[in-house]
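S.K.: This is a predicted model, with the sequence first.
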Amino acid sequence: MANKTAKEAVAIRGINPQFLVDKIVRTRIYDSIYWKEECFALTAERVVDKAMALKYLGGVYGGNVKPTPFLCLVLKLLQIQPEKEIIIEFIKNEEFKYVRALGAFYWRLVATPKEIYEDLEPLYKDYRKCLFQDKMGKFQVVHMDEYVDTLLRAERHCDIILPKLQKRIVLEESNELEPRV
């Protein structure tokens, strides 16, 4: 029951939202202590509290391939599928950088290309430092603007294959987006 997608959740790109996370990574998350103790029965409102307590970003790490709390919360957001307004508030949050990063990552997974560019490009002006845990378990400093740039350009981030993102220039040529200055 705790690992099922909410009944009112809609399919994203024709699939169950949780399936955006690879099965192996998803299974590791379900088996993690953080998922079992902290993510059980979380609502959209309580996810905010957990996100405010985050200390670093990251995917899976170590020889045992353990998921970070950040990745567990991403899967929880995919599972409960909060309203668009809640995620936009995550992204606009200037006080807690990890809440912003969580919202940006989730939005990159579920939103349309136009929404992604419109909502994530303003984060290029955020130069705060964030800690990122790599696969070896070592921490490195990443600035928020670099993180957003990675979300917009990379094919894979935090051990999740990101959905294909239409190039910005294509959206500009079709007049869906204003040219970036």
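M.R.: Thanks, I have it.
S.K.: Please count neighbours and contacts with C-alpha atoms only from this point.
M.R.: Noted.
S.K.: Just list the residues touching the residue nearest the centre of the chain, thanks.
M.R.: Closest to where the C-alpha atoms of the chain average out (C-alpha atoms, centre = their mean) is Phe105, at 2.4 Å. Listed by C-alpha atoms under 8 Å, 6 or more residues apart in numbering, the contact set of Phe105 reads 74, 151.
S.K.: quick one: average pLDDT of the host helix or strand of it?
M.R.: For Phe105, the element it lies in under DSSP states H and E is helix 97-110. Mean per-residue pLDDT for helix 97-110: 96.
S.K.: immediately after it, which helix or strand?
M.R.: Helix 97-110 is succeeded, C-terminally, by helix 113-120 (DSSP H and E).
S.K.: other SSEs contacting that next one?
M.R.: In terms of contacts (3 or more C-alpha pairs under 8 Å, 6 or more residues apart in numbering; DSSP states H and E), helix 113-120 is packed against helix 84-92, helix 97-110.
S.K.: now, of the ones you listed, which is deepest in the fold?
M.R.: Per residue and on average, the most neighbours among the helices and strands packed on helix 113-120 fall to helix 97-110, with a mean of 23 (mean count of other C-alpha atoms under 10 Å).
S.K.: quick one: that helix to chain centroid distance?
M.R.: In terms of C-alpha atoms, centre = their mean, to the nearest Å, the centre of helix 97-110 is set 4 Å apart from its chain centre.
S.K.: This completes my enquiry, with thanks.
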